[in-house]
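>>> Dropping the sequence and predicted coords here.
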Amino acid sequence: MRAMILETPRQPLKLAELPIPKPNSEQVLIRVHACGVCRTDLHIVDGELTHPKLPLVLGHQIVGTVEAMGEGVDNFNVGQRVGIPWLGYTCGDRCCYCLSGRENLCDYAEFTGYNLNGGYAEYTVADYRFCFPLDPSYADLQAAPLLCAGLIGYRAYRMTGDAQKLGFYGFGSAAHILIQLARYQKRQVFAFTRSGDVEGQQFARQLGATWAGGSDVSPPEPLDAAIIFASVGKLVPDALRAVTKGGIVVCAGIHMSDIPSFPYDILWQERVLRSVANLTRKDGEEFLTLAPKVPIRTEVNAFPLTQANEALDALRSGKIAGSAVLVVD
Ligand SMILES: [Zn+2]
Ligand SMILES: [Zn+2]
């Protein structure tokens, strides 16, 4: 099978011919149709996440069909379409996090496209217990971004409680999905883009943002909560300044540049600053049930598998409106 592999961080992915993987008793073999490109993939390629399996097939927003499965698989059929997310394995009962319903923090977790080979390839294997069935209303390409931008974005969104005025810092794949849920729930979104990104601001307004502007300016009114999707630490004090007393700031990314020091004043008055890590299967089930009800539509920029490097570069330079997705077959 063809795969785009990472051999060494900070080097482009290489097109390689690999054997089709064989599923173990708990795995399904998936023929990949589409795989979303995530900012996390960039952090892995750039060496900012330091423990990838190497060589590695990236990609953790995988849509494909089941081709074969191990004898332990009891809830999928050959030919069924499934989605494979970032969370690829948890221990289930060996760590205190799994035992307390927080499997996103599992001590023994393994992640698709990081510790496990992912979907920048024609085939992949995945533990069936971590695969999701997908709503038939979504085409393959449009479903892919739901599997990380959607799921983990949803987890971050839930952490803002019942905030009515929400700031989104970084208006990429996750924000363009979550704004639709926010509008459906009658909440207001204030979108912050890179300074001068007029197209990005226009895109946010089209999707129903109450206000859109550069992250270097203050919102027109105080916010109840903010989610920082961009991997820029400087945005943390900006967001703390933008939220009102008791406001919540959620850092949704897996990696962020250093946060500059800031005066205690902007955290004082019970403002909360927190991160969000990974997903639980419950997050996935909730979000994938909710998405077709809204219904959430994803804006997709498609690239052929062999142009994975070009897709990553486009994401890095902020040229993607919505989500980048690799078309595999
Ligand atoms: Zn665990
Ligand atoms: Zn991701």
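The structure has been received and is ready for your questions. Ligands and ions are numbered 1, 2, ... in the order given.
>>> Enumerate every residue touching the closest residue to Trp86 other than its chain neighbours.
Ranked by C-beta to C-beta, 6 or more residues apart in numbering and with sequence neighbours excluded, the top spatial neighbour of Trp86 is His60, at 4.2 Å. For every residue, glycine as well, the C-beta is placed using N, CA and C. His60 is in contact with 36, 38, 40-41, 84-86, 88, 111-114, 118-119, 147-148, counting by C-beta atoms under 8 Å, 6 or more residues apart in numbering.
>>> Report the secondary structure state of His60.
When classified by DSSP: H, G, I helix; E, B strand; the rest coil, His60 comes out as coil.
>>> got the phi/psi numbers for Val28?
phi -110, psi 150 (degrees, to the nearest 10).
>>> Looks like Leu116 contacts Phe130 (just checking).
No - the criterion here is C-beta atoms under 8 Å, and Leu116 misses it with Phe130 at 9.9 Å.
>>> List, one by one, the residues from this protein near ligand 1.
By the rule C-beta under 5 Å from the ion, the part of the chain lying against ligand 1 is 90-91, 95, 98, 106.
>>> Could you rerun that using 8 Å?
Selection of the chain residues close to ligand 1 by C-beta under 8 Å from the ion yields 90-95, 97-99, 103, 105-109.
>>> List only buried entries from those.
Buried subset of the residues of the chain next to ligand 1 (neighbour count, 16 or more other C-beta atoms under 10 Å): 90, 95, 97-98, 103, 106, 109.
>>> CSV please, covering the residues you listed and showing secondary structure.
Putting those into CSV (three-state DSSP) gives the following:
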residue, secondary structure
Thr90, coil
Cys95, coil
Tyr97, helix
Cys98, helix
Glu103, helix
Cys106, coil
Ala109, coil
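>>> the longest helix in this structure is where?
Counting by DSSP state H, the longest helix found in the chain is helix 173-184.
>>> mean confidence for that helix?
The average of the pLDDT scores along helix 173-184 is 98.
>>> Distance from it to the middle of the chain?
How far helix 173-184 lies from its chain's middle: 13 Å, per C-alpha atoms, centre = their mean, to the nearest Å.
>>> what's the following helix or strand after that helix?
The helix or strand immediately downstream of helix 173-184 is strand 188-193, counting by DSSP states H and E.
>>> Which elements pack onto that next one?
Here strand 188-193 touches strand 165-169, helix 173-184, helix 198-206, strand 211-214, helix 235-242, going by 3 or more C-beta pairs under 8 Å, 6 or more residues apart in numbering; DSSP states H and E.
>>> measure Leu267 to Glu199 for me?
Using C-beta to C-beta, to the nearest Å, we find Leu267 at a distance of 33 Å from Glu199.
>>> Tell me which of these two has more neighbours.
Neighbours of Leu267 and Glu199, each counted by other C-beta atoms under 10 Å, are more numerous for Leu267; the result is 15 against 12.
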